[in-house]
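>>> I'd like to go over a predicted model; first the sequence, then the structure.
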Amino acid sequence: MTDAVGIDVGILKYVHDSDGTAVEPPDLSEERERLERAQRNLSRKEHGSNNWEQQRRTVARRHADLKRKRRDFLHKLSTYYAREYDLVAVEDLDAKGLVELPGNSRNRAGASWGTFLRMLEYKCEREGTHFVAVDPRGTTKECASCGVETDKPLWVREHSCPSCGFKTDRDANASWNIRSRGLEQVGTGCPESTPVETALPTDTDSVSAKRVVETGSPTLTERTASAVSE
Ligand SMILES: [Zn+2]
């Protein structure tokens, strides 16, 4: 099975996969601003008045806009992976515990990833693609090249192996480990399948959202932690 991909979900990059595709979280700042403006207007109206009732509906619409845009992004991203690959490996979020994340963003990001993975799972099933949730322990620490584990605080964005000298992006390294684990997991279930070597792509720094954009996802502009949330 050559068409296998490992996907690392994150905050700065919504996903980073083992083929070097990285996708930024959707930019929802405009929708969020419009919602906040509508909410401020509502608070200035007399509660229960006609104007208030009208404005309350506007607030509800702005909420729906925001939600729609976020789900649209997740739908396009999950469809892309389910259609493009034969095997999609992700980290088991329940096991991950999301401990690496700072408190505030944890719940919101976690909820969004949960939605993404659920979409991904049912779409993979629909497309006949293997969906594998792997053990997340040490995917960041482990060297994708030699397997030696090195501790790495969250702010260290580069993987630099003291044992074999392999250097790459932190998330790229994690995504390759996720891919190998996915292949292993499927391999143990089907004894007749041959083990597949994880070939590390040569262009380890290539970060491209192009293919995803072509499938029609919303503008993938640079966003930080808050973007994953609403
Ligand atoms: Zn190494």
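Received the coordinates, thanks.

>>> strands along this structure, start to end?
Ranges of strands in the chain, per DSSP state E, are 4-9, 15-17, 22-23, 87-91, 130-134, 158-160, 167-169.

>>> how many neighbours does the residue nearest to residue 125 when sequence neighbours are not counted have?
Nearest-residue entry for residue 125: residue 131, 6.9 Å, with adjacent residues in sequence omitted and distances by Cβ to Cβ, 6 or more residues apart in numbering. The way it works is simple: take the backbone N, C-alpha and C, and place the C-beta from them, glycine included. By other Cβ atoms under 10 Å, 21 other residues sit near residue 131.

>>> identify the residues contacting residue 131.
Residues in contact with residue 131 (Cβ atoms under 8 Å, 6 or more residues apart in numbering) are 88, 90, 120, 121, 124, 125.

>>> equivalent analysis for residue 5, please.
17, 18, 19, 81, 84, 85, 87, 88, 89, 175, 179.

>>> highest neighbour count among these?
residue 175 (31 neighbours).

>>> ok, that one to residue 126 distance?
23 Å (Cβ to Cβ, to the nearest Å).

>>> residue 187 now?
For residue 187 relative to residue 126 (Cβ to Cβ), the value is 24 Å.

>>> settle it for me: which of those two has more neighbours?
More neighbours surround residue 187 than the other of residue 187 and residue 126, with 15 against 11 (other Cβ under 10 Å).

>>> from residue 181, how far out is the more buried one?
When distance is defined by Cβ to Cβ, residue 187 is 10 Å away from residue 181.

>>> what's the answer for residue 138, then?
Applying Cβ to Cβ to residue 138 and residue 181 gives a distance of 10 Å.

>>> more neighbours: the two, which one.
Ranked by neighbour count (other Cβ under 10 Å), residue 138 and residue 181 place residue 181 first, with 24 against 14.

>>> ok, now which ones touch the more buried one?
Applying Cβ under 8 Å, 6+ apart to residue 181 gives the contacts 6, 89, 132, 134, 135, 139.

>>> and residue 13, by the same measure?
22, 23, 24, 25, 171.

>>> how about the helices of the protein, start to end?
Under the criterion DSSP state H, helices of the chain are mapped to 29-44, 50-84, 93-96, 103-127, 170-189, 210-214, 226-229.

>>> mind checking how far the second one is from the chain centre?
If you compare the mean C-alpha spot of helix 50-84 with that of the full chain, they lie 18 Å apart, counting by Cα atoms, centre = their mean, to the nearest Å.

>>> mind checking how far the residue lying closest to residue 133 once chain neighbours are set aside is from residue 39?
In this structure, residue 133 finds its nearest non-sequential neighbour in residue 92, 4.0 Å apart by Cβ to Cβ, 6+ apart. Going from residue 92 to residue 39 by Cβ to Cβ gives 37 Å.

>>> equivalent analysis for residue 141, please.
As judged by Cβ to Cβ, residue 141 and residue 39 stand 43 Å apart.

>>> for the ion, what are the nearby residues on the protein?
143, 145, 146, 161, 163, 164, 166 (Cβ under 5 Å from the ion).

>>> so which of those residues wins on neighbours?
residue 143 (21 neighbours).

>>> ok, now which ones touch that one?
149, 150, 159, 161, 163, 164, 166, 173.

>>> lowest-confidence entry in these?
Least confident of those in the model: residue 150, at 92.

>>> what about that residue, how many neighbours?
15.

>>> got a list of what it touches?
Residue 150 neighbours (Cβ under 8 Å, 6+ apart): 141, 143, 161, 162, 163.

>>> what do you get for residue 119?
74, 75, 78.
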